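Peer 1: Provided below are the primary sequence and the corresponding predicted coordinates.
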Amino acid sequence: MLSYLHAFHAGNFADVHKHAALTLAIRMMHSKSSGIACFDTHAGSAFYDLTDKSALKTGEAASGIHRLWSWRDRLHGDDWQAMLDEWAQGQGADGSLVDYPGSPHWFERYLRQQDNLTAFELHPAEGQTLANWARRHSRVRVLQEDGLKGLLSHLPPRQPRLLALVDPSYEIKTDYEEVARTMTRAWQKCRHGVYLIWYPILPGRPDEKLKQAISASPINKVLCSEVMRNHAPQRGMCGSGMLVVNPPWGFNNRLAVMMRAAARDSCLGVGLSMQWLVAE
């Protein structure tokens, strides 16, 4: 969707959920030394300016990363600390967060010598900004093409392991079915890969099409993590969902602990759900 820019939504509660799952998956996969081929199908930018007019227009960061940042002294454990340390690099002079890292940065932050990242971004301006950033990072490649088709064309990867983040805007209604079809083909090409599939939870629950299609596919071992806003707006997202195919052992428990710590009304203000969509 060439009209979509994530800058309007950067740092919202869904970003916190998505990036917590992504960072946890990367860090847990580092328990093995073998190389990881990383893919970001709808990469957006590596960083977002939370003081920019785009972010301020929606104000979504106020109930997301800004609330979480004010709650940071009560977020304990290595899993949250890894993210807090990174967010701290984006502080302004008054201690508030100015820069928010997007998914390409979270990937790059944890790339080892044996790993690499292929980031897809179709939007021309966003893609150019991302490509300019990637020039400073030798293990990152940016391709301006459809991320779903691009992912399939690069599977199976040369490295022995795979981690892919799939998170289109879903502004096109057929995205739900297209993601399910792509994931089925990707899994058939690389069954051992770890796939993180983000989706918005909207009124009417169009995401059920995605979950039903994944459930009916041959894919197995699919974890479903959802956060639902306690005080949802009349329009827009009322929740955020992540399907995780082949999560590392113990991932579900650690992500649940992270999200419970941030769920209170004075922080993200969300209810939590964690269950297996498809058993192993």
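Peer 2: Yes, it's here. Numbering: from 1, shown residues only.
Peer 1: pull the contacting residues for the residue nearest to Gly250 when sequence neighbours are not counted.
Peer 2: Nearest non-adjacent residue to Gly250, counting by Cβ to Cβ, 6 or more residues apart in numbering: Met28, 7.4 Å away. Where you see a C-beta, it was placed from the backbone N, CA and C, and this is true even at glycine. The neighbours of Met28, taking Cβ atoms under 8 Å, 6 or more residues apart in numbering as the test, are 248, 250-251, 254.
Peer 1: which one of those residues sits closest to Gln89?
Peer 2: Arg254 (23.3 Å; Cβ to Cβ).
Peer 1: that closest one contacts Asp79, doesn't it?
Peer 2: Yes: assessed by Cβ atoms under 8 Å, Arg254 is found in contact with Asp79 at 5.8 Å.
Peer 1: mutual contacts of the two, please.
Peer 2: Common neighbours of Arg254 and Asp79 (Cβ under 8 Å, 6+ apart) are Leu24.
Peer 1: about what we covered before: now the residue nearest to Gly250: which helix or strand?
Peer 2: If you go by DSSP states H and E, Met28 is part of helix 13-29.
Peer 1: now do the helix or strand of the chain with the lowest mean pLDDT: everything it contacts.
Peer 2: Sorting the helices and strands of the chain by mean pLDDT, DSSP states H and E puts helix 53-58 at the bottom, at a mean of 72. Defining contact as Cβ under 8 Å, 6+ apart, one finds that helix 53-58 is touched by 5, 7-12, 48-49, 61.
Peer 1: which among the residues you listed end up buried?
Peer 2: Buried members of the contacts of helix 53-58, counted by 16 or more other Cβ atoms under 10 Å: 5, 7-12, 48-49, 61.
Peer 1: looking at the residues you listed, which one is closest to His154?
Peer 2: Top of the list for closeness to His154, among the buried ones among the contacts of helix 53-58 and by Cβ to Cβ, is Leu5 at 25.1 Å.
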